[in-house]
Structure formats: C-alpha cells, structure tokens
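Asker: next one to model:
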Amino acid sequence: SFSSDEVIRKRLLIDGDGAGDDRRINLLVKSLIKWCNSGSQEEGYFQYQRMLSTLSQCEFSMGKTLLVYDMNLREMENYEKIYKDIENSITSAHEKISECKKQILQAKRIRKNRQEYDALAKVIQHHPDRHETLK
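Answerer: Next comes the predicted model:
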C-alpha cells in the first residue's frame, strides 16, 4: 500500500546520494552468500573476485563522495569570501556616496555665495565710488 513517492523516498534514504550504494551492498551480500555456499574452488574464486570488484566500486564511490564534499566546503569558503568582498564594496560605495553628498552641499553653498557676491557687486556698481562721493 506504498505510493510510488514513498518508495522513491525510501530508496533515496537507503541509497544516500543516489550513487547505487544500496545495490552494491545487496550485490556484495549475495556474493558473500554464494561464496560461502560455493561447491567448487573455481566458483569460490569467481565469487571472491566479484566481492573484491564490488568492494572496490564502493571505495571508489566513497572517495568520489569525499572529494565532492571537500569541493563543496571549498566552494562555501569561496562564496563566503566573495560575500564579504561584496559587503565591503557596498560599505565603501555608501561612504563614497556620503562624501559626494557633502561635496555637493559645499559646492551649492559656494555657488550661492558667489551669486550673492555678484548681486551685491552689481548693486555697488550702480553707486558712485568713494572718490566721486567725496567730490
């Protein structure tokens, strides 16, 4: 009364990462039983070779899984480094934006002062200078 999803889920749980380990272990157990029950020496040697082959496949699969695990750890460290670099870049950009805003305010203040000076200069030019006034 299992649904196909439950069967697949159980298989994945037993199989680990889906590398066929459960099948290899079942094959190894069957080979061991055949080896124990083998009648002739030739059949026993064949089953022994089969078990060695299955064990070497399991070791290869385990080695591959360990390499992938190490690679994933290095990738995580790399991504963390990239994340920190991006964070630092964002902080630096915020600081530059803040500095630019200050420079803009200062430039606006200078421009306003210059406009006021120009306006005052025009008003002053309409009046005679001190020498003319004293005459």
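
Asker: going forward, measure contacts between C-alpha atoms and count neighbours the same way
Answerer: Noted.

Asker: any idea which residue sits dead centre in the chain?
Answerer: Tyr79 (3.5 Å; CA atoms, centre = their mean).

Asker: check which helix or strand covers that one.
Answerer: helix 41-126 (DSSP states H and E).

Asker: which neighbouring elements make contact with that helix?
Answerer: Other helices and strands packing on helix 41-126, by 3 or more CA pairs under 8 Å, 6 or more residues apart in numbering; DSSP states H and E, are helix 21-36.

Asker: state the distance from Glu59 to Ser38.
Answerer: 25 Å (CA to CA, to the nearest Å).

Asker: the two: which is more packed in?
Answerer: Set side by side, Glu59 and Ser38 show more neighbours around Ser38, with 16 against 12, by other CA atoms under 10 Å.

Asker: torsion angles phi and psi at the more buried one?
Answerer: Main-chain torsions, Ser38, degrees, to the nearest 10: phi -70, psi 140.
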